[in-house]
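In: fold the following, please.
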Amino acid sequence: MQAQARPMALSPRRTLPVLLALAAALPLAAQAQAAWPAKPIRVIVPLPPGGPSDIVLRSAAEKMQPLLKQTLVIDNKPGAAGNLGASEAARAAPDGYTWLWSTDTLVTVNPHVYQRLSFRPEDLQPVMRASSFGQTLVCHPGLGLKSVTELVRRAKDKPMSYGSGGAGSPGHLATELFSSVAGITMSHVPYKGPAPAMQDIIGGVVDCGFLAAPTVLPHVRSGRLVALAVSGAKRSPLLPEVPTVAESGYPGFDATFSLVLFAPRGTPQPIVNAMHDALAQGLSNSAVVDRLRLTDQEVVAASPEQTAQRLAADSKTWGAVARRIGLRQD
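Out: Got it, this is the predicted structure:
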């Protein structure tokens, strides 16, 4: 009868290298995840405080901190259309303690517009398309316009102007995309933000503009502005009676923008997943959903893969618009 082979015992001299090799083979991301987060988490916002982006993030952060058991430090770093804050985030260590929260235009528009971009978009890893929002097409009531059809007819008959929150802003891009599909031309008057643009539309200095719904809503309700359409694929919950551009005779038109969470490229996937899940839970809170609705935003909470796909598609759309109108910045 043949004896069964006994397992070969490793000597201490041979055991140590084997154990060290096994330890080295453990995924570094899993090791990092086990300890993350061990200190406060910094989220760079390359926009001024107090805007819709801040409202969304701060609302969600209140619900995220108990889940993460760490403080989220929101660090506003405005400047250069978001490029300054993006540069800092792109250079940060990919350890899960620095994140970037911004409008999607940072990577869908700026690379097509700025000749000397201070960061590489590929150094920012998409984590979540958190919310979506559109723009509202408003005009001075003295024009007597009641619909998009009437606006297009007027713009083909005589010169018209529109105001925006600045070159490359969502309102600027939405108007130029609309002008392209409608076959019209309107003179662009850029302002330093949507509020001064709105004031000049109210004052009759410029005719119309695509502007953020929360900015124009009180003046639409008071009759100082006339809302003709919204730019997104769906009607705004703030102005449910106002049709979309697509419903107004331009099927397929969709100028929707997003708030997106990014991580420095190379952040371990388990940490990315954990942060994504915490933000998704924060955004799902009913109080947060209601607060976002008041700013004309809808929770999306897309996966990293879905977010990357949407950003790539929007970059193609807005890149074509930027090239068509020759939009370039130093």
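In: and Leu211, backbone torsions?
Out: phi -130, psi 160 (degrees, to the nearest 10).
In: so it makes contact with Gln135?
Out: Yes - under the criterion of Cβ atoms under 8 Å, Leu211 makes contact with Gln135 at 6.1 Å. (Glycine included, C-beta is placed from N, CA and C.)
In: what touches both of these two?
Out: The contact sets of Leu211 and Gln135 overlap at Gly171 (Cβ atoms under 8 Å, 6 or more residues apart in numbering).
In: walk me through the domains of this structure.
Out: The chain breaks down into these domains under automatic domain parsing: 40-133+257-325, 136-248.
In: next up, the contacts around Ala90.
Out: Residues in contact with Ala90 (Cβ under 8 Å, 6+ apart) are 100, 119-120, 123-124, 264-265.
In: surely it is within a helix?
Out: Yes - assigned with DSSP: H, G, I helix; E, B strand; the rest coil, Ala90 falls within a helix.
In: elements contacting the longest strand seen in the chain?
Out: Ranked by residue count under DSSP state E, the longest strand found in the chain is strand 124-133. On a contact count with 3 or more Cβ pairs under 8 Å, 6 or more residues apart in numbering; DSSP states H and E, strand 124-133 meets helix 52-68, helix 83-91, strand 257-264, helix 269-284, strand 297-299, helix 304-325.
In: let's go with 6 Å and repeat that
Out: Contacts defined by 3 or more Cβ pairs under 6 Å, 6 or more residues apart in numbering; DSSP states H and E place strand 124-133 against strand 257-264, helix 269-284, strand 297-299, helix 304-325.
In: next structured bit after it?
Out: Using DSSP states H and E, the next helix or strand after strand 124-133 towards the C-terminus is strand 136-139.
In: contacts for that following strand?
Out: Contacts of strand 136-139 with the rest of the structure, by Cβ atoms under 6 Å, 6 or more residues apart in numbering, involve 145, 207-208, 210, 213, 216, 225-230.
In: could you export these as CSV, including pLDDT, secondary structure and distance to Pro270?
Out: Formatted as CSV, the contacts of strand 136-139 follow (pLDDT from 0 to 100; DSSP: H, G, I helix; E, B strand; the rest coil; distance: Cβ to Cβ, whole Å):
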residue, pLDDT, secondary structure, distance to Pro270
Leu145, 97, coil, 54
Asp207, 98, coil, 52
Cys208, 98, strand, 49
Phe210, 97, strand, 41
Ala213, 89, helix, 38
Val216, 93, helix, 43
Leu225, 98, coil, 49
Val226, 98, strand, 51
Ala227, 98, strand, 46
Leu228, 98, strand, 48
Ala229, 98, strand, 44
Val230, 97, strand, 39
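In: ok, of the residues you listed, which one's closest to Pro49?
Out: Pro49 lies nearest to Ala213 out of the contacts of strand 136-139, by Cβ to Cβ, at 20.4 Å.
In: now that closest one: closest residue in space, sequence neighbours ignored.
Out: Setting aside the residues directly before and after it, Ala213 is nearest to Asp296 in space (Cβ to Cβ, 6 or more residues apart in numbering), at 3.8 Å.
In: quick one: the longest strand of the chain to chain centroid distance?
Out: Averaging C-alpha positions (Cα atoms, centre = their mean, to the nearest Å) puts strand 124-133 6 Å from its chain's average.
In: go on, stretch 116-131?
Out: Stretch 116-131 sits 10 Å away from the centroid of its parent chain (Cα atoms, centre = their mean).
In: next one: stretch 82-92
Out: 15 Å.
In: what's the local residue count around Val138?
Out: 30 (other Cβ atoms under 10 Å).
In: just the pLDDT for it.
Out: Val138 is assigned 98 on the pLDDT scale.
In: show me what it is bridged to.
Out: Beta-bridge partners recorded for Val138 (DSSP bridges): Gly209, Ala227.
In: many thanks, I have nothing further to ask.
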